[in-house]
Structure formats: structure tokens, C-alpha cells
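Asker: okay, structure incoming, though there's no sequence with it:
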Ligand code: NAD
């Protein structure tokens, strides 16, 4: 069992740190929020008063933080130089590919193996230990990170070199955003054309229009499986987080010179929806604008 420092105990990190403790690891936890720290203590982690306190003596440092600027500050200014030489760094936050690659260079130069390991799956999967991890890093760093990540998830996939985990995550979520909008407008058109929506679902879910957005996350209440649409679009994956991921994808596409017209339109539609006061609603609620 490892000595693990866990930084960032929010909606996602709280459940993940708890699962590491449950698996028998010694988890030293830090967050700027006192209630988050208290919850981690209740879940079997040792609360720490600073990042430095948490990473002292750690074999592994896991970060689960809001964005690339914060991850960069924590890893470059607070972890490196304080964590023991050779400690493995695992960043599970969703951040931009360029920052992930830069941090990999900085950490490697300081002698720390590092992986970017963003997750698919929401708060329930973080609590239940059923996340999917997409991992970027060297073969050796992946091999070291895999058993730690396996204690928090159902699948751990090596996507490639440093930054590849973030690249996989934002490409996946750009696809998700675009297919959700396409699913919503198809159901709206079906309705206008007089189709019964459950009947349209039964047809399209077995035909070439099928997608995860339809069959696992149908945006129409009362159609398909139980989804946030059946709960007033509460819970699920917030519009603000979808917009964050689409913006990361647009930044990466611009840097890579890749044309992404559908992704760009999805980003514009989600930006308008969030600005209209719906940032906290599930992202499938965008059907209400169509
Ligand atoms: P959150 O806002 O609930 O948690 C972030 C935590 O980081 C907060 O508790 C905050 O106090 C803490 N924090 C901020 N700055 C800090 C610092 N300098 N030092 C220590 N702690 C600090 O966010 P979340 O929903 O847990 O998301 C975390 C990451 O996971 C994000 O990158 C997000 O994009 C990604 N993600 C979230 C979901 C989801 O469904 N919520 C799904 C997949 C990926």
C-alpha cells in the first residue's frame, strides 16, 4: 500500500480520495475548503493544512483540481521541490493538452514520473469507484499509475505519451457535445413531423442514427432509459463543465490547425445556453432551446 497525497477534494476528488483510503492506502488530503477536508477525514483520509504537509513523504501525489492554471501552480510551485525525489505525480483534472505536456517536461526534469489521467464518468462514478481513466505518459509511468487508478475506476487505458490522456478526453467530449445537440434537434424535428417520440427512439436507437447521447442519455423526458431529463435536468453532467471541455477542445484544435466546424458550433450553442442562466443544468437540457 502506498502513501498518497491527494490535492483537490471537490465533487470528484472527495469520492476518489475516499476510495483510495478504502483500498487501504494511506491518504494525506488537502483542499482549500474546510468542509471538503472534514468530509475527507470522515472517509478515512488524514487532513493536511498545506500542500507541502500533504506531499511530504508521499510515494504518489494525485491532483483533482478545477483548471490548468491551478494544476500548474500546485505542481510547479508546491509539489515539485517538496515531494520526495521520484514520487509519482498523477493529474486527474481536465486541463489543456499544452499545459499537461509542459508539466510533464518540468516534472520529468525534476525526476518525477508523471501521467495526465483525466476521467470519464461523473460524481456518482467518482464515489462508486467506476471512473474510466485515459492516461498519457511513458510506459513506466503508466505501469506505476495503473494500480493506483484501478482503485478508483473500472477502466484504465493508456492513450499514449504525455498529454494523450487530455487529448482523448477533449476529443471524446467534443464528440459528446456535438452528438447531444444533434440528438436534441432530431427529436424536435421528429416531434414537429408528428412522430411519436418513443417510437422514433425505438427506430433510431437500432438504426444508423444511434449514439450514446440517445441510447444512454436521451434528452427527452419519458423516452429511453432513466436520465437527467426525467429529473428536471438536475444532476448529471453540468452545462458549465461541457462548455469548459468544448473550450479546451477549441483551443487544442486551433493550436493543432484542425478544422472542427461541428465542435465549434456546439461550443457556441453551449456558451449561449450557459450565459442564459443554465450553466448548472445537465447538458442535455439544451433541448429546451431548440
Ligand atoms: P470542484 O470544483 O467540485 O472541486 C475542485 C476542488 O479543488 C475544490 O474543492 C476546491 O476547493 C479545490 N481547490 C481549488 N484550488 C485549490 C488549490 N490551489 N489547492 C487545493 N485545492 C484547491 O470540481 P470537480 O467537479 O471535482 O472537478 C475537478 C476536475 O475534474 C475538473 O478539472 C473537472 O473538469 C473534472 N471533471 C469533473 C467531472 C464532474 O462531473 N464534476 C467529470 C469529469 C471530469
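Answerer: Structure received. None of these values were measured; they are calculated from a predicted model.
Asker: next, name the residue at the spatial heart of this protein.
Answerer: residue 119 (4.2 Å; C-alpha atoms, centre = their mean).
Asker: touching, that residue and residue 126? I think so.
Answerer: Yes - Residue 119 lies in contact with residue 126 (C-beta atoms under 8 Å); the separation is 7.4 Å. Heads up, the C-betas are built off the backbone N, CA and C, glycines and all.
Asker: which residues do the two both contact?
Answerer: residue 12 (C-beta atoms under 8 Å, 6 or more residues apart in numbering).
Asker: about what we covered before: give me phi/psi at the residue nearest to the centre of the chain?
Answerer: phi -120, psi 150 (degrees, to the nearest 10).
Asker: likewise residue 222?
Answerer: Backbone phi and psi, for residue 222 under degrees, to the nearest 10, turn out to be phi 80, psi 0.
Asker: which residues touch the residue in the stretch 1-150 of the chain that the ligand sits nearest to?
Answerer: The stretch 1-150 of the chain approaches the ligand most closely through residue 10 (1.8 Å), counting by C-beta to the nearest ligand atom. Residues in contact with residue 10 (C-beta under 8 Å, 6+ apart) are 31, 33, 36, 64, 66.
Asker: also residue 92?
Answerer: Residue 92 sits in contact with 12, 13, 16, 62, 63, 64, 117, 118, 119, 133, where contact means C-beta under 8 Å, 6+ apart.
Asker: quick check: next helix or strand after the helix or strand hosting the last one?
Answerer: Read it as residue 133. Following DSSP states H and E, one finds residue 133 within strand 131-136. Counting by DSSP H and E, the next helix or strand C-terminal to strand 131-136 is helix 139-150.
Asker: so does that next one get close to the ligand?
Answerer: No - for helix 139-150 and the ligand, the contact criterion (C-beta under 6 Å from any ligand atom) is not met; the two come no nearer than 13.9 Å.
Asker: interface residues of this protein facing the ligand?
Answerer: So the chain meets the ligand at 7-13, 30-33, 36, 64-66, 70, 74, 93-94, 119, 122-123, 237, 241, 244 (C-beta under 6 Å from any ligand atom).
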